[in-house]
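Provided below are the primary sequence and the corresponding predicted coordinates.
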Amino acid sequence: MLATIDYQAVLAACVPLSLAGAAAASAFALGRAVSSAMEATARQPEAANKILVNMMAGCALIEALTIYALIFAFALQGKIAG
């Protein structure tokens with residue numbers, strides 16, 4: 001006979017793992033963005049201001065996705081306790 005798995009147990013295991021994955025992906029993406037911006041600035045110092053503005057806009061979007069993942073994880077945590 002197959003054992004049934006409670007959805008709350010699955011959420012309790014998957015929510016922290018998915019949040020850790022989102023944080024790791026965000027850290028990797030931010031590192032790449034900043035690295036690429038520094039390389040571009042080294043190649044063309046006169047375009048440093050434009051590069052900085054574009055990098056900051058991209059970093060804000062990456063961080064926003066991570067915050068959305070955090071909010072989604074908090075919403076799912078409410079399903080576990082209930």
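Sure, I can see it.

what number of residues lie near the residue lying closest to Ala23 once chain neighbours are set aside?
Leaving aside its sequence neighbours, Ala23 sits nearest to Thr66 (C-beta to C-beta, 6 or more residues apart in numbering; 6.3 Å). Glycine gets a C-beta too; all of them are placed from N, C-alpha and C. The tally of other residues near Thr66 (other C-beta atoms under 10 Å) stands at 17.

got a list of what Thr66 touches?
By C-beta atoms under 8 Å, 6 or more residues apart in numbering, the contact set of Thr66 is Ala22, Ala23, Ser26.

As CSV, those with distance to Ile5 and pLDDT would be great.
What follows is these, written out as CSV (distance: C-beta to C-beta, whole Å; pLDDT from 0 to 100):
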residue, distance to Ile5, pLDDT
Ala22, 24, 93
Ala23, 26, 93
Ser26, 30, 95
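
And these, which of them are buried?
Among these, those that count as buried by neighbour count (16 or more other C-beta atoms under 10 Å) are Ala22, Ser26.

Can you list which of the contacts of Thr66 are found in helices?
The helices, defined by DSSP state H, take in Ala22, Ala23, Ser26 from those.

ok, and the closest non-adjacent residue to the first one?
Read it as Ala22. Of all residues not flanking Ala22 in the chain, Ala69 sits nearest, at 3.8 Å (C-beta to C-beta, 6+ apart).

in what helix or strand does the one you found lie?
Per DSSP states H and E: Ala69 is located in helix 48-81.

For that helix, buried residues please.
Neighbour counts using 16+ other C-beta under 10 Å place Ile51, Met55, Gly58, Cys59, Ile62, Thr66, Ala69, Ala73 of helix 48-81 among the buried residues.

so who does the second one touch?
With contacts defined as C-beta under 8 Å, 6+ apart, Met55 is in contact with Ala33, Val34, Ser36, Ala37.

And these, which two are furthest apart?
Maximum pairwise distance among these (C-beta to C-beta): 7.4 Å, between Val34 and Ser36.

still on that earlier bit, would you mind putting the buried residues of helix 48-81 into JSON lines with pLDDT and distance to Asp6 alongside?
Shown next, in JSON lines, are those (pLDDT from 0 to 100; distance: C-beta to C-beta, whole Å):
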{"residue": "Ile51", "pLDDT": "95", "distance to Asp6": "51"}
{"residue": "Met55", "pLDDT": "95", "distance to Asp6": "45"}
{"residue": "Gly58", "pLDDT": "94", "distance to Asp6": "41"}
{"residue": "Cys59", "pLDDT": "95", "distance to Asp6": "39"}
{"residue": "Ile62", "pLDDT": "94", "distance to Asp6": "34"}
{"residue": "Thr66", "pLDDT": "93", "distance to Asp6": "29"}
{"residue": "Ala69", "pLDDT": "92", "distance to Asp6": "24"}
{"residue": "Ala73", "pLDDT": "89", "distance to Asp6": "19"}
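
Many thanks, we can stop here.
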